[in-house]
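S.K.: Below is the sequence, then the predicted model.
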Amino acid sequence: MTAIEKYQNWLAEPALNETLRKELLAIEQDPSEIQDRFYQDISFGTAGLRGKLGAGTNRMNIHIVARTASAIGKTILAEGRASADRGVVIAYDCRIMSPEFASLSAEILNGMGIRVYFFPSLRPTPELSYAILKLGAAAGINVTASHNPQEYNGYKVYWSDAAQIRDEIADQIIAAINKTPLFEDIPRQTREDATKAGRFIMLGQEIDEAFYEATCDLAMFGEPDHAAATHATGSATAPNPHAATRATHATGSATAPTPHAATRATHAAGSATADQVKRDYKIVYTPLNGAGNIPVRKVLSRMGFNHVHVVPEQEQPDGTFPTTPSPNPEIPETFQLAEQLAQKIGAQLIIATDPDCDRIACHVLHQGQYHSISGNQLGILFVNYLLTQLQTQNRLPANAAIVKSIVTSETGGDIARKFGVSVYDSLTGFKNICAPAKAWEITGEHSFIIGYEESIGYSIGTHLRDKDGVGASLLLAEMTGHYLAHGKSLIDVLDQIYDEHGHEADGAINIILEGKAGQVRISRMMQTYRTTYIEKTSFAKLKEIIDYKTSTKTTIDGKAEDSANIGKSAAVVGETNHAADINSATGQPTKQETIKIEKTDCVRYTLTDGSWYALRPSGTEPKIKIYIYTRAKTTAEANNKMAELKKTINQKLLEIE
């Protein structure tokens, strides 16, 4: 069926929402707009739904959301009555239509006999993940489009493990979606009736307080400023290795300390491990008009950071995001207002979280200027800080491990290995990054310290299983204060790390190509580049190719040894019977091996000097992403290499029509 035919069918549909009907009538003379709205059905996957708001099969609207909620309900009911009774936790952010989509989802799930736990106002994504574990729920939904522009909304779906769904669950939901007519009259139950039936539960402050206390437990130093009665009641979830075992340590038990188990009472008593954090420095924080405002300020205040100044124009929830074209903390322009306030008050640190507060970025004051810290650099700093403090306080487990994505810098792994900590690589996305933590809680093989990826996402501890902008904000404030107490900025610490492990530069290219034509071109870019890749630069030659779509690792020149830059990885390399061959592009001998990791459309190229880059299409936005990392003896040299690679790769990709 063509886009025009789908458009006409929608207009002829009696059940079509009248607001959406008017929207369609307004574009009847605009064939390109009709094409964009109807050339495909908005795709549901492990990231849930994400798209522009509006009428059409390729848009987020009440009909799409209703069918998706129904499909999620059918998947839960297929697990049995017990899952329906365990219920679904529903949260939402500040975006246009977020409360409406959340309420609609609750009515449909309640109508199917499924219990719903509902947040009364916007909450951050990490709190949703925490609540699923805390309540023992069967699933969770957060209505958010994260950092996308204002015209977008989305639908993140979580399962009982509190992580975003993996392929096997997504496939079941997709099958249910495909069996459900879009305009089917789906039964609903009103909030009033569902409340009387015990199926609709409005969550109160108890979950908020428990989440705040679990977040405060991530700190390396200090005590929250009040006792946490809700936290003392315990949780049905597995023990959090970051959670404080204060009573055990206070009585002098021989029990081995767990990771991040704070001996804060001892610190407060002024022992040799006394609080080493400057807390009275000034911080500027912006929630970018999103869900982070209350939780971030709460946990910072409770841990003694009382000089937090919020950017007034970006403080209150506002789904139009009036001060920025896109509420993405990765974009430097997002910090414009925050930096102006920081200069005015003399702040040492600027923190920004995205609208659902699962991602975080920062600028730091160094030698009178504010410097941006990249996602990779912040991950490196977190790994170094956590492992240093855990080791210093004799709380670093012998089986400690970190997890990072396949497109994240290797320096964090180098630091971890220096501490004797295992390093695991995973596919992008925190459903993958947090998966080992879940498995290790069962097997005891490792103790999870931190998981992170370059796109400003960090998960510390096991009290939730997703990116956590709230916990990362607290750890960032404490880490900054710790180094300030020792006369250092985060830039000073980074320089020390680079002096030890090698200087690096990290950068990215994002080529945005919207619509059907853009989707086709992105696919063609990925396909073509695999056979026309760059063979050499002015500073290095190609050494290795890892294609995660075909699960193959190709070593140029016939050497099969793993590069030191690859590190110990969950993508375990397995031997194959492939003999040495000649690479058709370079004319050099090659050897192919099979890598054991889930397949994804990503390919990574490593050069002989340890620099590397990777290409992949975004799973949530209409763009192809290129991640670039260069290594050298000096930062200036690494930056020069970065400039050359960016220019060469970008030019080669744009030549692909």
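M.R.: Received, thanks. Numbers count the residues shown, from 1 in each chain.
S.K.: Could you use CA atoms for every contact and neighbour count after this?
M.R.: Noted.
S.K.: got the residue ranges for the strands in the stretch 201-350 of the chain?
M.R.: For the stretch 201-350 of the chain, the strands defined by DSSP state E, counting those that start in this stretch occupy 283-286, 308-310, 349-353.
S.K.: Let me have those strands in a markdown table, adding distance to Ile449 as columns.
M.R.: Shown next, in a markdown table, are the strands of the stretch 201-350 of the chain (distance: least, C-alpha to C-alpha, whole Å):
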| stretch | distance to Ile449 |
| --- | --- |
| strand 283-286 | 26 |
| strand 308-310 | 27 |
| strand 349-353 | 22 |
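S.K.: Tabulate those strands in CSV, adding columns for mean neighbour count.
M.R.: Formatted as CSV, the strands of the stretch 201-350 of the chain follow (neighbours: other C-alpha atoms under 10 Å):
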stretch, mean neighbour count
strand 283-286, 26
strand 308-310, 20
strand 349-353, 27
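S.K.: Out of the ones you listed, which is closest to Thr392?
M.R.: Among the strands of the stretch 201-350 of the chain, the nearest to Thr392 by C-alpha to C-alpha is strand 349-353 (25.3 Å).
S.K.: Any regions of the stretch 351-500 of the chain where pLDDT drops low?
M.R.: Residues of the stretch 351-500 of the chain meeting the criterion pLDDT under 70: none.
S.K.: For the top helix by length along the chain, what is the distance to the chain centroid?
M.R.: Ranked by residue count under DSSP state H, the longest helix found in the chain is helix 635-654. Using C-alpha atoms, centre = their mean, to the nearest Å, the mean C-alpha position of helix 635-654 is found 26 Å from that of the whole chain.
S.K.: Buried ones in it, by neighbour count?
M.R.: Of the residues in helix 635-654, those with enough neighbours to count as buried (16 or more other C-alpha atoms under 10 Å) are Thr635, Glu637, Ala638, Asn639, Lys641, Met642, Leu645, Lys646, Ile649, Leu653.
S.K.: Out of the strands of the stretch 201-350 of the chain, which gets nearest to Tyr548?
M.R.: Tyr548 lies closest to strand 349-353 among the strands of the stretch 201-350 of the chain, at 30.7 Å (C-alpha to C-alpha).
S.K.: can I get the CA coordinates of that closest one in PDB?
M.R.: C-alpha atoms of strand 349-353 as PDB (Å, rounded to 0.1, in the frame of the first residue of the first chain):
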ATOM      1  CA  LEU A 349      31.400  22.900  38.000                       C
ATOM      2  CA  ILE A 350      28.400  22.900  35.600                       C
ATOM      3  CA  ILE A 351      26.200  19.900  35.400                       C
ATOM      4  CA  ALA A 352      23.500  19.300  32.700                       C
ATOM      5  CA  THR A 353      21.100  16.300  32.500                       C
END
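S.K.: ok, it: who's next to it in the sheet?
M.R.: strand 283-286 (parallel), strand 360-366 (antiparallel) (DSSP bridges).
S.K.: returning to that earlier point: of all the strands of the stretch 201-350 of the chain, which one comes closest to Gly48?
M.R.: Set against Gly48 and scored by C-alpha to C-alpha, the strands of the stretch 201-350 of the chain come closest in strand 349-353, at 21.2 Å.
S.K.: Tell me which residues are up against the closest one.
M.R.: Identification of contacts with strand 349-353 by C-alpha atoms under 8 Å, 6 or more residues apart in numbering yields 282-288, 292, 329, 335, 338-339, 342, 359-365, 469, 473, 477, 480.
S.K.: Not counting sequence-adjacent ones, nearest residue to Phe430?
M.R.: Asp466 (5.4 Å; C-alpha to C-alpha, 6 or more residues apart in numbering).
S.K.: Name the helix or strand for Ala439, please.
M.R.: Per DSSP states H and E: Ala439 is located in helix 435-443.
S.K.: Buried residues in that helix, which are they?
M.R.: Using 16+ other C-alpha under 10 Å as the test for burial, helix 435-443 gives Ala435, Pro436, Ala437, Lys438, Glu441.
S.K.: Then stretch 84-103?
M.R.: 84-99, 101-103.
S.K.: Next, check those against the strands and list the overlap.
M.R.: Per DSSP state E, strands hold the following members of the buried residues of stretch 84-103: Val88, Val89, Ile90, Ala91, Tyr92.
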